[in-house]
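[1] fold the following for me, if possible:
(one chain, ligands or ions: 4)
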Amino acid sequence: QAKNKGKSAFERFSPEMKEVSHERLQIESRMRRALELNELELYFQPIVETCSGKVFGAEALLRWNNPTMGMVMPDKFIPLAEETGLIIPIGQWVLEQGCQAAMQWQKAYGIELSISVNVSPRQFRDPNFIDVVLSALKLSGLPPQRLELEITERLILDNSIETSEILTRLDQEGIRLSVDDFGTGYSALSYLKSYPFDTLKIDKSFVQDVNNKQEDASLVRAIINMAHSLGLKVIAEGVEEEEQITFLNDENCDYSQGYFYGRPMPEPEYRDWLETSQRAQI
Ligand code: C2E
Ligand code: MG
Ligand code: MG
Ligand code: MG
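    Numbering: from 1, shown residues only. Ligands and ions are numbered 1, 2, ... in the order given. Prediction:
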């Protein structure tokens, strides 16, 4: 906005900008109908125990299949859903579908998997948020210990009393809490001791070069040690190569997630992945 200061109204509303806002409005109105038209789909990406390679659970990742726009990735539409408030019904749907999926896998394969669900700031601050989470658990029958809510540092760092109260309530219910993309925000580490987090997810930008950049190796090692001494588990994100697993395993990183194990996939494909990995364990 500051950039526009001093410009005439004519300059500020150039034809290009009108175009952009028109496109935005169009996406927005399509997004409003995405839920009822069943265009949203939840993908699942395996989370694996680093030392054993055994499956621990999955992260639920949203996809939007629109007939005109094709497959839309979350980075393209989550910010808009957040701005418009549409993230509230969409987020509720994700929670319900995610918990349900974890229970279905238990019924089909007898394994008690954990499900990780991303929560955006707007959703988190909605007065009904805690009720929505509890009702998703109740509807599915999933024990709260098997739901992990992923929250970014950006949300935590607003330092408000409400943030602290909501996190405490969720923790008291037995729901697990993780810090997503750890290290990419303003890591004011003090929140780690005052809030009831269970897990740190090391951002993929640190994991990427762990085998060829000394600095990244040092950072990842330090994060793992710090997390463990605070009683937190660690998940490494963006694991793509075997050498990364070797490093992470040597450093006692609890869990790993990334293309090396599996890409985010539709539910039926995740089941196939589970079956194959179960067979490999025997
Ligand atoms: P995130 O929660 O950090 O999710 C991890 C992202 O890293 C996913 O991108 C995943 O596909 C990608 N990824 C996983 N393994 C690898 C790897 O080995 N290499 C590389 N290069 N990337 C990997 P995706 O699915 O595009 O999601 C992007 C972000 O959108 C997520 O980041 C999350 O912040 C947000 N998001 C996704 N689904 C939801 C949702 O249901 N609700 C909310 N509020 N946000 C969501
Ligand atoms: Mg996440
Ligand atoms: Mg806890
Ligand atoms: Mg992340």
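
[2] quick one: terminal-to-terminal distance for stretch 114-131?
    Using CA to CA, to the nearest Å, one end of stretch 114-131 lies 20 Å from the other.

[3] that one near ligand 1 anywhere?
    Yes: using CB under 6 Å from any ligand atom, stretch 114-131 reaches ligand 1 at N118, V119, S120. No exception for glycine: its C-beta is placed from N, CA and C like everyone else's.

[4] lowest-confidence member of those, which is it?
    Lowest in pLDDT among these is S120, which has 95.

[5] I figured that residue hits I78, correct?
    Yes: here S120 reaches I78: they are 6.5 Å apart, a contact under CB atoms under 8 Å.

[6] overlap of the contact sets of these two?
    I87 (CB atoms under 8 Å, 6 or more residues apart in numbering).

[7] flag every residue of the chain that's near ligand 2.
    By CB under 5 Å from the ion, the residues of the chain that approach ligand 2 are N118, E150, D180.

[8] do you know the pLDDT at the last one?
    At D180 the predicted local distance difference test score is 96.

[9] ok, now the second one?
    pLDDT recorded at E150 is 98.

[10] excluding its backbone neighbours, what's nearest the residue of the stretch 101-250 of the chain found nearest ligand 3?
    Nearest residue of the stretch 101-250 of the chain to ligand 3: D171, at 4.2 Å (CB to the ion). Here the nearest residue to D171 in space, its sequence neighbours aside, is P196; by CB to CB, 6 or more residues apart in numbering that works out to 3.7 Å.

[11] next step: the residues of stretch 114-131 next to ligand 1 restricted to strands.
    N118 (DSSP state E).

[12] in the protein, where is pLDDT below threshold?
    Scanning the chain with the threshold set as pLDDT under 70 gives 1-20, 159, 187, 282.

[13] the top strand by length along the chain vs ligand 4: in contact?
    Secondary structure of the chain per DSSP E: the longest strand is strand 55-66. No: Strand 55-66 is not in contact with ligand 4 by CB under 5 Å from the ion; minimum separation 8.5 Å.
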